[in-house]
Structure formats: structure tokens, C-alpha cells
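**Q** give the three-dimensional model of this entry:
(one chain, ligands or ions: 1)
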Amino acid sequence: MATQGLIGAVEAGGTKFVLALAKADGEVIARTRLPTNTPAETWPAMNNFFTQSSAKHGPITAFGVASFGPIDIDPASANYGTFTTTPKPGWSGARFHDALAHFNAPIMVDTDVNGAAIGEWQAGAGQGCRTLAYTTIGTGVGTGVVRDGRSLMGISHFESGHIVPPRNHINDPFQGICPYHGNCIEGLASGPAIERRWGRSLDQLVNEPAAIALIADYVAHLASTLVLLHMPDRLIFGGGVMKAPGLIAAVRKATAAKLNGYVQHPRLDPRLEKYIVTPGLGDDAGITGAIELGRQAFARA
Ligand code: ZN
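**A** From the prediction side, this is the model:
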């Protein structure tokens with residue numbers, strides 16, 4: 001078996017690409033960021049970075065990509081690595097494997113939230129977990145579930161943000177903003193939903209305990225659902241909304257109330273302070289996960 005050279009890592013977000021060249025042990029030796037324009041602009045800029053940094057530091061033997069979507073992440077699919085129905089102009093049909101073809105290296109592509117989940121499992125708040133659920137509550141809502149370092153999927157990536165939580169219409173008459181469901185968790189508790197409902201972000205509503213409690217209740221519905229479906233060792237909740245002071249504590253309390261003692265395991269401490277946590281890597285979770293995906297691409301090739 002060939003020895004692993006350098007890893008090309010891509011964290012592709014809706015507004016920016018973060019690119020890194022890393023050693024097999026994860027040490028980053030070059031890094032840059034690019035705006036997410038059209039593929040006609042962003043692909044050549046991405047290739048330039050990898051070509052130039054590789055010329056300086058050595059050959060790239062695998063790529064890992066953690067990307068915005070929707071994108072085909074099924075390695076068995078003919079369209080693996082292809083953007084599907086994204087409304088972002090030019091990206092529908094664009095494929096990472098085409099963009100990186102001339103490096104002739106194996107590529108593993110996953111979603112941005114799965115990438116962050118893998119990053120947290122590898123080097124952040126999910127270290128030591130066999131099963132980890134990482135959820136972002138931000139512009140959108142999504143969950144990556146990692147088992148022994150590999151993200152789980154079915155016919156496609158999971159869509160936890162579109163679970164519809166129970167609602168008290170007197171407490172919350174807001175209709176929700178999801179174009180498909182209205183009042184799913186993303187439609188009720190994402191950053192844009194909070195802005196639409198109250199005209200402010202949640203961290204500007206810290207003096208309104210009812211607002212924090214309402215969002216915590218929706219997030220806790222997702223948390224308790226993740227426990228019942230996946231029995232993770234730990235739940236991580238990140239994203240812009242989760243930075244609101246007091247929210248994570250309120251989510252722990254509401255989740256404990258919903259589970260009501262049903263799940264008994266040493267992993268679930270009574271107040272869930274060790275069980276439901278914030279991310280350990282902050283903004284570096286995605287690129288850390290992309291490097292791990294590159295490592296997996298090499299191992300699988
Ligand atoms: Zn929805």
C-alpha cells in the first residue's frame with residue numbers, strides 16, 4: 001500500500017470556501033479562504049491553491065470535502081459529489097470530482113454538518129464517543145450522526161431540521177418560515193425564523209425568558225428525538241442561535257423533562273451537563289472534519 005502523502009481539505013460553505021493542505025496526522029501546512037461565487041470562478045481558484053501549495057510541500061494523495069448542499073454523498077451513486085437542487089446560481093450539477101480530477105486522487109465528499117460532526121468527533125467535544133450527534137442551529141438546522149468516525153446516512157443525508165415539533169399555538173402563533181413545512185424546527189427555531197418572529201436575534205432576547213424557553217423547547221424536541229433514535233454517547237449543539245446566553249442550559253432542562261427518566265445510562269448525567277454540550281472546535285470543526293474525510297478517502301482507495 002502506498003504511503004499517504006498530503007491531504008487536500010475543502011470546507012465549502014454558502015458564502016466561503018475554506019481550503020487546507022494538511023499532513024496525514026492532521027497538521028495544517030497551508031490554508032486559505034475564497035468567496036463562494038459561481039463554480040466557473042471558485043473551481044479554478046480552488047485548483048490554484050492546491051496546485052501551488054502542493055508544488056511547494058508535496059503531492060496530494062487524497063481529498064476530503066465537507067460541503068453545503070443539497071449534494072449527493074452516496075459513494076455508490078454515479079452522481080457522488082454532485083450538487084443536486086441547490087438554488088445557488090451555477091452550482092446545481094457541479095461536481096467536486098470534476099473540479100479536482102487532474103490531481104488523480106481519491107475524494108470523499110460529505111455534507112458540511114457531517115463534516116463538522118466528524119471534526120468534533122476527531123478533535124473536539126465528541127472525542128471518545130462511539131456515536132455522536134452534532135446539530136447546528138443557525139441559518140439552517142441539521143444534524144450529523146457519526147458512528148466510529150463515519151457519518152451515517154440512508155438514501156440521502158439526514159434532515160433533522162425538518163422534523164415538525166409539537167406546538168402550543170397560544171404560546172407561539174408564529175406560522176414558521178420553512179417553504180416546505182412552515183412549522184418544522186428549522187421553520188420555527190433557525191436564526192432567520194427567530195428574526196422573523198421577534199425582529200431580533202435570540203442573543204438580543206436574553207431578558208425575555210419566554211423567548212429562550214420557547215426556542216429551547218423546540219431544540220429539546222430534536223435533542224430527545226436524537227436520543228431515542230440514535231442513542232448517542234453525547235449530543236453537541238452549535239451554530240449561531242446556540243450562542244444565545246442561557247439557551248444550552250434551557251435545552252438541557254427541557255430535554256431532561258421530555259425524556260422524563262426513560263433513558264437510564266451512565267452517559268446521561270442527571271442534569272445533562274456532560275451529555276448536551278457546545279462544540280469544542282468553534283469555526284475549525286468543518287475543516288478538521290474535511291481533513292479526516294481525506295484520510296478516510298485514502299484508506300478506502
Ligand atoms: Zn421544513
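**Q** quick one: list the elements packing against the helix or strand encompassing Ala40.
**A** Ala40 belongs to helix 39-57 when assigned by DSSP states H and E. Helix 39-57 is packed against strand 6-12, strand 16-22, strand 28-35, helix 96-99, with contacts defined by 3 or more C-beta pairs under 8 Å, 6 or more residues apart in numbering; DSSP states H and E. To be clear about C-beta, it is placed using only N, CA and C from the backbone, and glycine gets the same treatment.
**Q** report the angle between the helix or strand following that helix and strand 6-12.
**A** Using DSSP H and E, the helix or strand that follows helix 39-57 towards the C-terminus is strand 60-67. Interaxial angle of strand 60-67 relative to strand 6-12 (axes from the mean of the first three to the mean of the last three C-alpha atoms, to 10 degrees): 10 degrees.
**Q** picking that back up, most packed of the helices and strands packed on helix 39-57?
**A** Burial of the helices and strands packed on helix 39-57 is given as mean neighbour count (mean count of other C-beta atoms under 10 Å); strand 6-12 ranks first at a mean of 28.
**Q** what about Gly140, distance to Gln127?
**A** Distance, Gly140 to Gln127, by C-beta to C-beta, to the nearest Å: 26 Å.
**Q** neighbour-wise, which of these two wins?
**A** Between Gly140 and Gln127, counted using other C-beta atoms under 10 Å, Gly140 has the larger neighbour count: 19 against 12.
**Q** okay, that one: pLDDT?
**A** pLDDT for Gly140: 93.
**Q** and it, what is it in contact with?
**A** Residues near Gly140 by C-beta atoms under 8 Å, 6 or more residues apart in numbering: Gly161, Glu186, Ser190.
**Q** run the last query once more with 10 Å
**A** Gly140 is in contact with 14, 68-69, 112-113, 161-162, 178, 186, 190-192, 239, counting by C-beta atoms under 10 Å, 6 or more residues apart in numbering.
**Q** mind giving me the PyMOL select for the residues you listed, buried ones only?
**A** To isolate in PyMOL the members of the contacts of Gly140 that are buried, counting by 16 or more other C-beta atoms under 10 Å, one can use:
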select buried, resi 68+69+112+113+161+162+178+186+190+191+192+239
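**Q** let's have the contacts of Gly140 in JSON lines, adding distance to Ala290, pLDDT and secondary structure.
**A** JSON lines is the format used below for those (distance: C-beta to C-beta, whole Å; pLDDT from 0 to 100; DSSP: H, G, I helix; E, B strand; the rest coil):
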{"residue": "Gly14", "distance to Ala290": "16", "pLDDT": "87", "secondary structure": "coil"}
{"residue": "Phe68", "distance to Ala290": "13", "pLDDT": "93", "secondary structure": "coil"}
{"residue": "Gly69", "distance to Ala290": "14", "pLDDT": "88", "secondary structure": "coil"}
{"residue": "Asp112", "distance to Ala290": "9", "pLDDT": "96", "secondary structure": "helix"}
{"residue": "Val113", "distance to Ala290": "12", "pLDDT": "97", "secondary structure": "helix"}
{"residue": "Gly161", "distance to Ala290": "21", "pLDDT": "97", "secondary structure": "helix"}
{"residue": "His162", "distance to Ala290": "25", "pLDDT": "97", "secondary structure": "helix"}
{"residue": "Cys178", "distance to Ala290": "28", "pLDDT": "95", "secondary structure": "strand"}
{"residue": "Glu186", "distance to Ala290": "24", "pLDDT": "97", "secondary structure": "helix"}
{"residue": "Ser190", "distance to Ala290": "24", "pLDDT": "97", "secondary structure": "coil"}
{"residue": "Gly191", "distance to Ala290": "24", "pLDDT": "97", "secondary structure": "helix"}
{"residue": "Pro192", "distance to Ala290": "26", "pLDDT": "97", "secondary structure": "helix"}
{"residue": "Gly239", "distance to Ala290": "18", "pLDDT": "94", "secondary structure": "coil"}
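**Q** restrict the contacts of Gly140 to contacts with the ion.
**A** His162, Cys178 (C-beta under 5 Å from the ion).
**Q** with that, I have no additional questions.
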